[in-house]
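Asks: Could you look at this predicted model? Sequence included:
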Amino acid sequence: MFDQVAHFIGGRPVPEGATFPAYDPMTGEVIRQVHEADSAIVDRAVRAARTAQPAWAALPVGERAAWMRRLADGIEARFDDFVAVEIADTGKPLEQTRTLDIPRGAANFRAFAEIAAQRPEQAFHLPGVLSYTVRRPLGVVAVVVPWNLPFLLMTWKLGPALVAGNAVVVKPSENTPGSAALLAEVCAEIGLPPGVLNIVYGYGATGQHLVSHPGIDGVTFTGSTRTGSTIMRSVADRVKPVSFELGGKNAGLVFADADLDKAVDGCVRSVFTNGGQVCLCTERLYVERPVFEEFTRRLAERATSVTPQPMISAEHRDKVLSYYELAKSEGAVFHTGGGAPGGSGYFVEPTVLSGLGETSRFNTEEIFGPVCHVAPFSSEEEAVELANASDYGLAATVWTTSLNRAHRVAQRLEAGLVWVNTWYLRDLRTPFGGVKLSGIGREGGTQSLDFYSEPTTITMEIS
Ligand code: NAD
C-alpha cells in the first residue's frame, strides 16, 4: 500500500514536489517514495485551510462532532489497513498496533466529539452584572508530529482541533507517512469538507515552512525539546499560541515495600515498550537498597525475553548505540545488552546498566531506546531528590504498597504525569503534558479544547 505518498490539500491528492524514501525499520528496505512539500506547496495547504475554516467553524458543534464520529467509523472500517501501514512504517509488534495504536486513533476522534458536544459554557453572575464567555476556534492550526506513535499522536491533536472548529495542516514525521496517507483516503471516502484537514509531507524544513507561515494561527507540536525550542523562536515575532509535548528523562522509584513481581512487570513495560521509543518510557530507575540487587537481576533477566522492536531509522539506531558506547567508556556495569544483534533492520539490544553518575550525559539526556540505568537509594527523601534532579519533567512512576507514601511522593515529583503501581494507563479526559523541558501546556479533555479555542468574555450591566 502507498508506493507513492502524495500531499492532501483541499480534499485532493497533490503528487507534487521531489520525492524522498521511507524505510521499513525491520529490514532497512525502501517501502515508499514520499513527495516533499516546499514552501509553495505548504502555502497552498495553508490557503486551502483558510478557505475552508469559516464554514467549518460555523457548523454547530454537534455537526462537527458527527464528522468526528464518521472519521472514527472510517478508520474502523479500514482497521486492518491502518494496522498494516503503521507496522510497515514503524516495525511495531502486531499486538500493540491492534490493541493500542489504531484503536486509540479512532477513540481520539470519538472522545473529543463527546467532550466538545457536552461541554458547558461559562457564565458569572453578580448583582447587576452578567458576564459570560464565548469560545472561538484559533483558525488554522499547524499540527507537527513525530514518528514514535504516528497515528495515535496525530489523531490526539486532530480530534480536539477539528471539533473546536479549526482547519488544520498536518506535517507527519518523514519516517512515518503511511497512516496519515490512509487517513487522507478516509477523509475523501466520508466526504469531509475539502480543506478542513490538509496533510503535507517532508523533513524538518517542511515543518519549518508550515509553522512560520503567516496564515497559521497556532502550533501544536509533539517531538523533541530541541525542535520545540526552534518552533517557539519561529512563532515568537507573531506571538502565536503553542502547545508542546516534548522529550522526557523519566524516573521510576521502586521502594522496598513494593510488590516486587508487579514492580518488575511494570518496569519491563515502562522501559521496553515500543523499543523504549515512547516519551513516557522510564530511562532512570531508582531502587531502595534492600531490594536493589534482586530487582536489577530480575529486570535484566526479563529484558532478554522482550519482543524485539527496531529503532525507527539507521540514524536513531546509531544514536542509541552511541549512548551504549558512552556508558562503556564511563565504566558502566551492563546487567544485560549493550550492543546490537547482527542481521538486517535497525535493532539494538534491550539494555539494563548501572554505575554511572547522576550528572553523566547518559543519565541526563533523553536516549529514546530500550535502555535504563538503575541506581540505589537509601531514603524517601533521597529518592524524590534523585527523581527531580532532571531538566525534564514529563512522567514518573512510583512502586510502593504504602498508601501514604504513594500520595506523599507522587505529590512531590516534578512531572506532569505520575503513575503509582502502574504505567501508561490513560483516561483521555485527564490533563496530559510535562513541566520543565518536557513541554508547554496540557492536552486531553477540556484542556485540549481550551488550547484550540480562545474565549471572549462578554459583560453586561443588568439594570
Ligand atoms: P523531532 O523533534 O525530530 O521531530 C518531530 C517533528 O518535527 C517531525 O515531523 C519533524 O520533521 C518536525 N521538525 C523537525 N524540525 C522542525 C522544525 N525546525 N520546524 C518544524 N518542524 C520540524 O522528534 P522525533 O525524533 O520525530 O520524535 C521523538 C521525540 O518526540 C522525543 O524527544 C520524544 O520524547 C518526543 N515525544 C514527546 C511526546 C510527549 O507527549 N511529550 C510524545 C511522543 C514523542
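Replies: Yes, it's here. In this text, all values refer to a predicted model and were calculated from it rather than measured experimentally.
Asks: Within the helices and strands, which one has the residue in the stretch 151-300 of the chain positioned nearest to the ligand?
Replies: Using CB to the nearest ligand atom, the closest approach of the stretch 151-300 of the chain to the ligand is made by Gly207 at 2.2 Å. In this view, the C-beta of every residue, glycine as well, is placed from N, C-alpha and C. Taking DSSP states H and E as the criterion, Gly207 maps to helix 204-211.
Asks: which helices and strands sit right next to the helix or strand just after that helix?
Replies: Following helix 204-211 in sequence order, the next helix or strand is strand 218-222 (DSSP H and E). Strand 218-222 sits against strand 140-144, helix 150-163, helix 225-236, strand 242-245, with contacts defined as 3 or more CB pairs under 8 Å, 6 or more residues apart in numbering; DSSP states H and E.
Asks: Minimum distance to Ser390: which of those has it?
Replies: helix 225-236 (12.0 Å; CB to CB).
Asks: Can you list the buried residues in the longest helix anywhere in the chain?
Replies: Assignment by DSSP state H gives helix 39-58 as the longest helix of the chain. Residues of helix 39-58 classed as buried: 41-50, 52-53, 56-57 (neighbour count, 16 or more other CB atoms under 10 Å).
Asks: so how far is that helix from its chain's centroid?
Replies: Counting by CA atoms, centre = their mean, to the nearest Å, helix 39-58 is centred 25 Å from the centre of its parent chain.
Asks: Remind me what it packs against, helices and strands.
Replies: strand 7-9, strand 129-137, strand 140-144, strand 167-171, strand 197-199, helix 204-211.
Asks: let's see it at 10 Å
Replies: strand 7-9, strand 12-14, helix 61-77, strand 129-137, strand 140-144, strand 167-171, strand 197-199, helix 204-211 (3 or more CB pairs under 10 Å, 6 or more residues apart in numbering; DSSP states H and E).
Asks: Can you pull the residues of the stretch 51-200 of the chain lying near the ligand?
Replies: Val144, Val145, Pro146, Trp147, Asn148, Leu153, Lys171, Ser173, Glu174 (CB under 6 Å from any ligand atom).
Asks: per-residue confidence for the second one?
Replies: Confidence per residue is given as pLDDT, and for Val145 that number is 98.
Asks: I'd say it and Val169 touch.
Replies: No - with contact defined as CB atoms under 10 Å, Val145 does not reach Val169; the gap is 11.9 Å.
Asks: Of those two, which one has the most company?
Replies: Val169 (31 against 27; other CB atoms under 10 Å).
Asks: Show me what that one bridges to in the sheet.
Replies: Beta bridges link Val169 to Ala142, Asn198 when assigned by DSSP bridges.
Asks: State the pLDDT value of it.
Replies: pLDDT, Val169: 99.
Asks: Spit out the contact partners of it.
Replies: The contact partners of Val169, taken as CB atoms under 10 Å, 6 or more residues apart in numbering, are 7-9, 37, 42, 44-50, 140-144, 195, 197-200, 210-211, 213, 215-216.
Asks: likewise Pro54?
Replies: Pro54 neighbours (CB under 10 Å, 6+ apart): Pro137, Gly139, Gly165, Ala167.
Asks: Can you tell me which of these has the most neighbours?
Replies: Counting by other CB under 10 Å, top hit in the contacts of Pro54: Ala167 with 29 neighbours.
Asks: Is it correct that that residue is in contact with Val46?
Replies: Yes - applying CB under 10 Å as the test, Ala167 and Val46 come out as touching, 9.3 Å apart.
Asks: which neighbours do these two share?
Replies: Shared contacts of Ala167 and Val46, counting by CB under 10 Å, 6+ apart, come down to Val140, Asn198.
Asks: Specify which member of the contacts of Pro54 is nearest to Ser379.
Replies: Nearest member of the contacts of Pro54 to Ser379, counting by CB to CB, is Pro137, at 50.1 Å.
Asks: re earlier: and which of the contacts of Pro54 is nearest Leu94?
Replies: Ala167 (34.6 Å).
Asks: what residues are up against the closest one?
Replies: Contacts of Ala167 (CB under 10 Å, 6+ apart): 45-46, 48-57, 137-141, 161, 193, 195-198, 217.
Asks: Show me what from the stretch 251-400 of the chain comes close to the ligand.
Replies: Cys279, Glu366, Phe368, Leu394.
Asks: With pLDDT and secondary structure as extra columns, can I get the residues you listed in CSV?
Replies: Converted to CSV, these look like this (pLDDT from 0 to 100; DSSP: H, G, I helix; E, B strand; the rest coil):
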residue, pLDDT, secondary structure
Cys279, 98, coil
Glu366, 98, coil
Phe368, 98, coil
Leu394, 98, coil
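Asks: For those residues, work out which two are farthest apart.
Replies: Phe368 and Leu394 (12.1 Å).
Asks: pretty sure Asp257 contacts Val409?
Replies: No - using CB under 10 Å as the test, Asp257 is too far from Val409 to be in contact (11.8 Å).
Asks: Of the two, which one has the most company?
Replies: Val409 (22 against 14).
Asks: Can you name the residues in contact with the helix holding Gly207?
Replies: By CB under 10 Å, 6+ apart, helix 204-211 touches 7, 17, 36-43, 45-46, 142-145, 169-174, 200, 202, 216, 218-219, 221, 223, 227, 230-235, 240, 242.
Asks: Show me which of these are buried.
Replies: Looks like those have 7, 17, 36-37, 41-43, 45-46, 142-145, 169-174, 200, 202, 216, 218-219, 221, 223, 227, 231-232, 234-235, 240, 242 buried, using 16+ other CB under 10 Å.
Asks: neighbours of the closest residue to Gly339 other than its chain neighbours, just the number please.
Replies: Leaving aside its chain neighbours, Gly339 sits nearest to Glu349 (5.3 Å; criterion: CB to CB, 6 or more residues apart in numbering). Per other CB under 10 Å, the neighbour tally for Glu349 reads 21.
Asks: Okay then, goodbye and thanks.
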